[in-house]
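# Sequence first, then the predicted structure, then my questions.
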Number of protein chains: 2
Amino acid sequence: MTAIERFYSVIPAGGIGSRLWPLSRADAPKFLHDLTGSGQTLLRDTWDRLAPISGTERIMVVTGRAHRAAVEAQLPELADHNVVLESEPRDSSAAIGLAAAILALREPDVIIGSFAADHVIKGTVLFRHAVQEAAALADAGYIATIGIRPTEPAIGFGYIHTGGSLEVAGAPSASIVDSFVEKPDLETAQRYVAGGKHLWNAGMFIARADRLLEEIARNKPELHAGLIELAAAWDDPATRGPAVDRIWPKLEKIAIDYSVAEPAAAAGRLAVVPAQFDWDDVGDFASIAKIHSGGRKRDLAILGADARVLADSSSGIVVSQGGRTIALIGVEDIVVVDTPDALLVTTSANAQKVKSVVDALRLSGRGDVL
Amino acid sequence: MTAIERFYSVIPAGGIGSRLWPLSRADAPKFLHDLTGSGQTLLRDTWDRLAPISGTERIMVVTGRAHRAAVEAQLPELADHNVVLESEPRDSSAAIGLAAAILALREPDVIIGSFAADHVIKGTVLFRHAVQEAAALADAGYIATIGIRPTEPAIGFGYIHTGGSLEVAGAPSASIVDSFVEKPDLETAQRYVAGGKHLWNAGMFIARADRLLEEIARNKPELHAGLIELAAAWDDPATRGPAVDRIWPKLEKIAIDYSVAEPAAAAGRLAVVPAQFDWDDVGDFASIAKIHSGGRKRDLAILGADARVLADSSSGIVVSQGGRTIALIGVEDIVVVDTPDALLVTTSANAQKVKSVVDALRLSGRGDVL
């Protein structure tokens, strides 16, 4: 495989993954775990997927200062100039926008593709094909995304409302995006799935860096100005630190969906490639259980190298981190997450509510286990 | 309260309580736990219930050598001559029979009452009244028991089939026992409960020591001979040790139900006093949950002084021994038992199956957590 021309991968490695507590923690976020049984972390899986597409020299990782060592341990090939450290989280517009601004200065016609560090994708070749089409759309001036065909009326994702086909060379399956819509209620999601016109938003954005910045400038001029100023100071060690200290904490916290995707869609500048590959955001334990059971009911997925699990008439998922003996009897669709200082017991149906427990623990002063 | 004349309490403190694993262990059996929230162990509760009935000087405890220190720590008033240590478990006929034989030698007309160390009784005065009636039956030559009115068609208990009323002074509520029956199936249990003629066997036996030995002699002459020989050697430090080493390991392992109660009932020599007090054998976690919730549905019982439990829409029981944060979301009638080296997750409906997990752990070489 040869790299896609002018392409640069960006991996925003942020977000704790609160719905995966107590496995995911502030100091061990989701992207640093092996949730698929691949034998390596989601971050490393992401790197391995992108390396053939952009080349290992052309992958930029945006992550928190606290995770620098862990990220570098996972990605020994990661070059210093490809590490962007956030002094504090400022959401995806700032993270991806800064990467775009830095790369645009270094290489004015660069095409960037931003992909989360903690999603699961099966079908590397199909993924590459989609990125290739998206890069062709980017080259033609679009903000491109890759949309996932819904397999169920999920209410945890945003949806992409596709419009007519586009006639762009190298992007035969692309459509224009009519609108970018927020997480729907169940009824709306069912309508979307039945209609066949909606795809899931998997947060993948592919664009010329300058075009992406143009969208931010149009919608969030102050944020854009901050990013440009920061990028100008970035590659000089003498100016980077002070610029970060001065500018980064003041950047607006806003998801790139709002600063770029929604307005670009409304203006007819957002295009989508429908994914042919399998994708999962591994957003909660039900999702992990599904990945491990291959969708079979009544299976019990067991994660953890030292797991000692004895199960009788039980299904769901056990995540074992403490090496303790775990016995399950007659519990179905159960979720048991056993870590040295915290234990979660819930069901697949309640997996989305785990975040509320994290919130409650924070409010009740038990931040030590978060 | 004055003590009942000639009465001696015997507490067989044995049995691990496998259905309460991983809380109950070989080195921390059920009777050494506070399962009721009383603030003290079941053994101590038992002692406190019996002390006013027999006097603290007249309570004998039969327990395993391994538990001597723990038992003495719980019962500082326990006199040395009231401690009978088993070199290995030989079931209840040997344990109670040896106590009877020792006490009969010391005090020929003694009436003994044997009560498990790990049951829960509410209503101390009603309990005393029942024991008083049973002692009157014992004085009249009967083997007496106290039967529990069934509150549900339990299949985990043996049943006492009551016959006609007895005319024994001091025992106005007593009946003769027609038969002593094994744990029934559900249908039979339902019939028993509907019929109103059956009581639960709570393993309480009250009899003149010499009468109890007479029953054993009739049904198990070799066992009886061993007990008599052992008792004769008991009170001399020079002879006790060798006698125990020689005789104890060869005594037949048999429950007192078979060596005494069933044959005595068949011969019309077993009498029963129906209990007016609340009794529970705390046989499994469902039973503990019920005790703590006062029978209310949808309650979550939490055991453990350092428990840190966060529960959302959950009911059942959590036993916390490790001090870890435990979060439950949307799990009903759940049983979670969290100890430093083992975790159990099951439901109230499956609580009786815990013993099978213990068996499986033993078979699979994981005896370290038993």
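Nice, I can see it. A quick note: this is a predicted structure, and the numbers were derived from the prediction, not measured.
# Pick out the residue of the stretch 51-200 of chain A closest to chain B.
A:Gly156 (16.2 Å; CB to the nearest CB). Any C-beta I mention is one placed from the backbone N, CA and C, and that applies to glycine too.
# The residue at minimal distance from the centre of chain A in helix, strand or coil?
Nearest to the mean C-alpha position of chain A, by CA atoms, centre = their mean, lies A:Ala116 at 2.6 Å. A:Ala116 falls in the coil class when you classify it by DSSP: H, G, I helix; E, B strand; the rest coil.
# distance between the helix or strand containing A:Ile102 and the chain's centre?
Using DSSP states H and E, A:Ile102 sits in helix A:91-106. Averaged C-alpha coordinates place helix A:91-106 at 16 Å from its chain's average position (CA atoms, centre = their mean, to the nearest Å).
# Surely A:Ile326 is in a strand?
Yes: counting by three-state DSSP, A:Ile326 is found in a strand.
# so how far is B:Arg324 from it?
13 Å (CB to CB, to the nearest Å).
# per-residue confidence at the residue in the stretch 151-300 of chain A positioned nearest to chain B?
The stretch 151-300 of chain A approaches chain B most closely through A:Phe285 (10.5 Å), counting by CB to the nearest CB. The model reports A:Phe285 with a pLDDT of 95.
# And the strands in the stretch 101-250 of chain A?
A:111-114, A:120-122, A:143-148, A:159-165, A:175-181, A:198-208 (DSSP state E, counting those that start in this stretch).
# for the helix holding A:Ile102, what is the average pLDDT?
On average, the pLDDT along helix A:91-106 is 98.
# just checking, what packs against that helix?
strand A:7-13, strand A:59-64, strand A:83-86, strand A:111-114, strand A:198-208, helix A:209-219, helix A:221-234, helix A:256 (3 or more CB pairs under 8 Å, 6 or more residues apart in numbering or on different chains; DSSP states H and E).
# A:Gly158 is in contact with A:Glu182, correct?
Yes: using CB atoms under 8 Å, A:Glu182 makes contact with A:Gly158 at a distance of 5.7 Å.
# More neighbours: the two, which one.
More crowded of A:Glu182 and A:Gly158, by other CB atoms under 10 Å in any protein chain shown: A:Gly158, with 19 against 12.
# And A:Ala233, how far from A:Glu88?
18 Å.
# Who has more neighbours out of these two?
Neighbour count, other CB under 10 Å: between A:Ala233 and A:Glu88, A:Ala233 has more, with 16 against 12.
# Contact partners for the more buried one?
Each residue near A:Ala233 by CB atoms under 8 Å, 6 or more residues apart in numbering or on different chains is listed here: A:Thr239, A:Arg240, A:Pro242, A:Ala243.
# Give me the neighbour count for the first one.
The one in question is A:Thr239. The burial count for A:Thr239: 13, using other CB under 10 Å.
# Which residue is the nearest non-sequential neighbour of it?
Nearest residue to A:Thr239 in three dimensions, chain neighbours excluded: A:Ala233, at 3.9 Å (CB to CB, 6 or more residues apart in numbering or on different chains).
# same thing with A:His292?
Counting by CB to CB, 6+ apart, the residue nearest A:His292 is A:Ala301, at 3.4 Å.
# And the one you found, how far from chain B?
With distances taken as CB to the nearest CB, to the nearest Å, A:Ala301 is found 15 Å from chain B.
# helix or strand right after the helix or strand that residue falls within?
A:Ala301 belongs to strand A:300-303 when assigned by DSSP H and E. Once the chain leaves strand A:300-303, the next helix or strand it forms, by DSSP H and E, is strand A:308-312.
# Does that following strand reach chain B?
Yes: contact of strand A:308-312 with chain B (CB under 8 Å from any CB of the partner chain) involves A:Arg308, A:Leu310, A:Asp312.
# Can you tell me which helices and strands the next helix or strand after that strand packs against?
Where DSSP H and E defines the elements, the next helix or strand beyond strand A:308-312 is strand A:316-320. Judged by 3+ CB pairs under 8 Å, 6+ apart, strand A:316-320 is in contact with helix A:285-293, strand A:300-303, strand A:308-312, strand A:325-329, strand A:334-338.
# Minimum distance to A:Gly195: which of those has it?
helix A:285-293 (24.0 Å; CB to CB).
# how close does the residue in the stretch 1-150 of chain A that chain B sits nearest to get to A:Val337?
The stretch 1-150 of chain A approaches chain B most closely through A:Pro22 (7.6 Å), counting by CB to the nearest CB. Relative to A:Val337, A:Pro22 is positioned 6 Å away (CB to CB).
# any residues in contact with both of these two?
A:Leu343, A:Leu344.
# right, and the residue nearest to A:His292 touches A:Ser320 too?
No: using CB under 8 Å as the test, A:Ala301 is too far from A:Ser320 to be in contact (11.1 Å).
# now the end-to-end length of stretch A:266-286.
34 Å (CA to CA, to the nearest Å).
# Kindly report the same for stretch A:194-212.
Per CA to CA, stretch A:194-212 runs 32 Å from first to last residue.
# what comes up buried for it?
For stretch A:194-212, the neighbour count (16 or more other CB atoms under 10 Å in any protein chain shown) marks A:198-212 as buried.
# likewise stretch A:164-184?
Result for stretch A:164-184 [16+ other CB under 10 Å]: buried residues A:Leu166, A:Val168, A:Ala171, A:Ala174, A:Ser175, A:Ile176, A:Val177, A:Asp178, A:Phe180, A:Val181, A:Pro184.
# what's the answer for stretch A:151-164, then?
A:Pro153, A:Ala154, A:Phe157, A:Gly158, A:Tyr159, A:Ile160, A:His161, A:Thr162, A:Gly163.
# Using CSV, write out the CA atom coordinates for that stretch.
Written as CSV, here are the backbone C-alpha positions of stretch A:151-164 (Å, rounded to 0.1, in the frame of the first residue of the first chain):
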residue,chain,number,x,y,z
THR,A,151,-27.6,-1.3,12.3
GLU,A,152,-30.1,-0.2,14.9
PRO,A,153,-32.0,2.9,15.9
ALA,A,154,-29.2,4.1,18.3
ILE,A,155,-29.9,7.2,20.3
GLY,A,156,-26.3,7.7,21.4
PHE,A,157,-25.1,9.0,18.0
GLY,A,158,-25.6,12.0,15.8
TYR,A,159,-26.9,11.3,12.3
ILE,A,160,-25.9,12.5,8.9
HIS,A,161,-28.8,13.2,6.5
THR,A,162,-27.6,12.4,3.1
GLY,A,163,-28.7,14.2,0.0
GLY,A,164,-28.0,13.6,-3.7
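# Run the chain-centre distance for it.
With CA atoms, centre = their mean, you get 16 Å for stretch A:151-164.
# quick one: average pLDDT of it?
Here the average pLDDT along stretch A:151-164 is 94.
# Make CSV from the buried residues of stretch A:164-184 and add distance to A:Lys220 to it.
Listed next are the buried residues of stretch A:164-184 as CSV, based on distance: CB to CB, whole Å:
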residue, distance to A:Lys220
A:Leu166, 26
A:Val168, 27
A:Ala171, 28
A:Ala174, 26
A:Ser175, 26
A:Ile176, 23
A:Val177, 20
A:Asp178, 23
A:Phe180, 16
A:Val181, 20
A:Pro184, 25
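# between those residues, which is nearest A:Ala360?
A:Pro184 (26.3 Å).
# so who does the closest one touch?
Per CB under 8 Å, 6+ apart, neighbours of A:Pro184: A:Ile155, A:Tyr159, A:Tyr192.
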